[in-house]
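Chemist: Please find the sequence and the predicted model below.
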Amino acid sequence: MQLSLFTALALLVLTAAGFLLGRRRALAAGQGRAAGLHSLPDYYGYYVAMWTGAPALVLLALYGLFGGMLVNTLALAELERSAEPLGARYESVLEIDPAHAGLRAERDQAEAGRLAAREYADAMFTQHGAESPQMAEAMTDVDGWIAEGERVEAELETRESQLLSQILGAAPDSPQGLAARAGLEYAQLPIERRQLFISDIRALAFGEGMASRDTAELRAAAAVFQPYETTIKWTVCLLAFSIAVIGLARAWRRVAPGFRARNRVEGAISFLLMLSSAIAILTTLGIVMSLLFEAIRFFAAIDWRVHEFLFGTQWSPQIAIRADQIGQSGAFGAVPLFVGTGLITLIAMAVAVPVGLFAAIYLSEYASPGVRAWAKPVLEILAGIPTVVYGFFALLTVGPFLRDFAMLLGYEDAVTQSALSAGLVMGVMIIPFVSSLSDDVINAVPQTLRDGAYAMGATKSEAVRQVVLPAALPGIVGAVLLAVSRAVGETMIVVMAAGQAANLTANPLESVTTITVQIVTLLTGDQEFNSAKTLSAFALGLVLFVMTLMLNIVALRVVQKYREKYD
Amino acid sequence: MADDTNTSANGRTVYHANRHAHPVKVAAAGVDVSYGDKQALHGVTLDIPDRAVTAFIGPSGCGKSTFLRCINRMNDTIETARVSGSITIDGEEVNDRGVDPVILRARVGMVFQKPNPFPKSIYDNVAYGPRIHGLSNSRDELDSIVENSLKKAGLWAEVSDRLHTPGTALSGGQQQRLVIARAIAVNPEVILMDEPCSALDPIATAKIEELIDELRENYCLIIVTHSMAQAARVSQMTAFFHLGHLVEYGPTEEIFTNPTDRRTQDYITGRFG
């Protein structure tokens, strides 16, 4: 840590020196006057500093990104090498252990039994149908064999860990012996637990965070890691330093009156600008790609029945979790989610569009400058409230109120978590969005149009209604579409206020669920990332992305068309 | 082109003769205008004849547009504007509390510097005024108002086959004539024009000037212009404003050939402005 810090400081000093040296050499070459040089002296300084600092910095950055990985690979390879004799002994013990051999035989038997039972069940299915008692009996048999297989597998694991601990206990307590034991332990770990093992070693070796356990074996492994880390760190730091010195020397030598330092520096800056935009674009692309690939995995998992996903009317991903499920196909019909999203969006827009638009009209056309000065910022504070706060407002205040009100009117099935309460509160959240954008658009309508209307003898409201609003309409439509895409993507309020039941209903007093809510429920908590259930979240995400993308494209087009007219 | 201003060597008598030929339509007396603390007009007094073109000239910021906007009370739309003094149209006080500016503006049409057709069709632009003031009882009547207005504005031949296309799609000169047609459609008595040609090319300008000359038959026209050549071409009376004061007012010919005030002379000979 301290070494890296020292190197970084040294590079900084070297870069500063590069600037001064480059500048001085340029001035000397121009006999102390800048007029004889192609560029201003500072540019020569920047040029030399650039070649001093940038390559070394890139090297350090690469070390920061991949250094740890390199150390892990090299050190683990050594651990595994030292564990080879132990590993061989373990393999041979497994071979000759009678209990283990017996269990292996039992496992093979269970597997064969399951296959036979399954075949019989398939025959019963074709002969007597799914509902027949023969079929039920056959399926009980299959389940019995599966349970048997699971039991044997568990016993096998227990026996293996017993044997492993015997082998490990027999190894000597010397550092080599301990390291070998750690290596064998690592080799026997399942893939998903290896990362934890590595972090524990690194924690003990370099103090990176807290180790989950602290054993002699782990300490021995840490001792194997340390020299690799030190060597690589020193190599990188020395390398960075020499690259900086070489860069400085080469760039300094190139400084001459005719050298176009300014163009070179500007080229480097434009490269930096390009890099920044590339990062933004590539990140977006990466997100879309990962969404797309996971969605494709999902569609593969449901046998490419994309139409069932898009047009199916039953959504219950929990049912499909078992591999032997019969009739798992109907569970991923996303239509209830689309309808729920649409319903809540509709309610939200029914609140946000009129209120937001009228507020914008008041603020831009009727309010005095004094009122406008405080009313506009206050309205925009609404946009700054975290959506989770809106969420509990909906859940604790609006929801119960609506339920009681509906009961008062004689609707007995009213629930607290309803599409209506989520939609209303979401509408309130979107008001500032609509009003702020519409206000901008209305203000952009040229004053000459208003003057024209007044000069024709129009009253204020006639001018607003018949001239200003039609002129602003394309922009307002754009604002509303942007607000819709905001509403479609909103999650927190709906999670809290609309419930999670995937009802296919148009009744705003019932619980509904939306695309975003389902994504949240599918991906939070303990999940396995290879089941169709979890993967369906990505397909939903893709649908959501495509929807909001299209809305945004349409909105931007509309706004653009409007701009062309008045600029 | 001018025929009714019998030009003689003696300017004042022509002015009086002129006023006899054309009764006073708009009369201003001691008009002061201020925007906040800044006074823009100082005691302007003048009589504007009917059925003639009166031009207001002067350097930028001299108050000529401000005075123009007093006549149809467009200054009401500016929060900080304060107007005092008297302006009468046919002897009726414009600034009277009992006068509804909305009704007043139906009597006093206005055309702006930049063509400002509404984002509607050509037909709806012209029909806008008649509709909000309820001037027509039937669709046919409205159709004939639109047609007549467009004919008077010299635009009918160019747009008769596309009345329902957007007014904003016309060229700048056509848009300005559309706006004039829109102003004529409510049958006003006075038409105010605030630099109506400053955003147009010379050919479009010539057409508008020709139109102004024709409209003189029926309306009292008041035009603010930066172009002295234009004032000389289209107007019968000219008023020269400078720094918020009305410096000189009289028949156009006299102002341009024999100005009495030194500042007028300097301005029209191009020494400032």
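Modeler: Perfect, I can see it now.
Chemist: got a list of contacts for stretch A:34-45?
Modeler: Around stretch A:34-45, the neighbours that count as contacts under CB atoms under 8 Å, 6 or more residues apart in numbering or on different chains are A:18-23, A:25-27, A:29-30, A:255, A:257-263, A:265. (Each C-beta comes from the backbone N, C-alpha and C, glycine too.)
Chemist: Please list only the buried members of those residues.
Modeler: A:18-19, A:21-23, A:25-27, A:29-30, A:255, A:259, A:261-262, A:265 (16 or more other CB atoms under 10 Å in any protein chain shown).
Chemist: among the residues you listed, which one has the lowest pLDDT?
Modeler: pLDDT across these is lowest for residue A:30, at 82.
Chemist: Contact partners for that one?
Modeler: A:36, A:37, A:41, A:257.
Chemist: go with 10 Å
Modeler: By CB atoms under 10 Å, 6 or more residues apart in numbering or on different chains, residue A:30 lies in contact with A:36, A:37, A:38, A:41, A:44, A:256, A:257.
Chemist: Format those as a markdown table; extra columns: pLDDT.
Modeler: Listed next are those as a markdown table, based on pLDDT from 0 to 100:
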| residue | pLDDT |
| --- | --- |
| A:36 | 80 |
| A:37 | 85 |
| A:38 | 87 |
| A:41 | 88 |
| A:44 | 92 |
| A:256 | 88 |
| A:257 | 85 |
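Chemist: between those residues, which is closest to residue A:494?
Modeler: residue A:44 (59.9 Å; CB to CB).
Chemist: in chain B, which segments are predicted with low confidence?
Modeler: Where chain B drops to pLDDT under 70, the residues are B:1-21, B:273.
Chemist: list the contacts for the nearest residue to residue A:506 once chain neighbours are set aside?
Modeler: Here the nearest residue to residue A:506 in space, its sequence neighbours aside, is residue A:343; by CB to CB, 6 or more residues apart in numbering or on different chains that works out to 6.6 Å. By CB under 10 Å, 6+ apart, the contact set of residue A:343 is A:419-420, A:422-423, A:498, A:503, A:505-508, A:510, A:512, A:514.
Chemist: check contacts around residue A:278.
Modeler: residue A:285.
Chemist: residues from the stretch 451-567 of chain A in reach of chain B?
Modeler: Counting by CB under 10 Å from any CB of the partner chain, the stretch 451-567 of chain A comes close to chain B at A:451-460, A:462-463, A:466-474, A:562, A:565-566.
Chemist: which strands and helices sit next to the helix or strand where residue A:560 lies?
Modeler: Following DSSP states H and E, one finds residue A:560 within helix A:532-566. Applying 3 or more CB pairs under 10 Å, 6 or more residues apart in numbering or on different chains; DSSP states H and E, we find helix A:532-566 packed against helix A:261-301, helix A:306-311, helix A:335-361, helix A:419-443, helix A:469-489, helix A:515-523.
Chemist: What mean pLDDT does that helix get?
Modeler: 82.
Chemist: re the thing from before, from the contacts of residue A:343, which is closest to chain B?
Modeler: residue A:423 (32.8 Å; CB to the nearest CB).
Chemist: Burial check on that closest one, number of neighbours?
Modeler: Look at residue A:423: counted by other CB atoms under 10 Å in any protein chain shown, it has 29 neighbours.
Chemist: do the same with residue B:51
Modeler: Applying other CB under 10 Å, we find 17 residues neighbouring residue B:51.
Chemist: secondary structure class for it?
Modeler: coil (DSSP: H, G, I helix; E, B strand; the rest coil).
Chemist: Spatially nearest residue to it (excluding sequence neighbours)?
Modeler: residue B:22 (5.3 Å).
Chemist: Against residue B:195, how distant is residue B:114?
Modeler: 9 Å (CB to CB, to the nearest Å).
Chemist: what's the closest non-adjacent residue to residue 199?
Modeler: As the question left the chain open, I've gone with chain A. Closest to residue A:199 by CB to CB, 6+ apart is residue A:209, at 7.1 Å.
Chemist: that's the other chain; I wanted chain B
Modeler: residue B:114 (5.2 Å).
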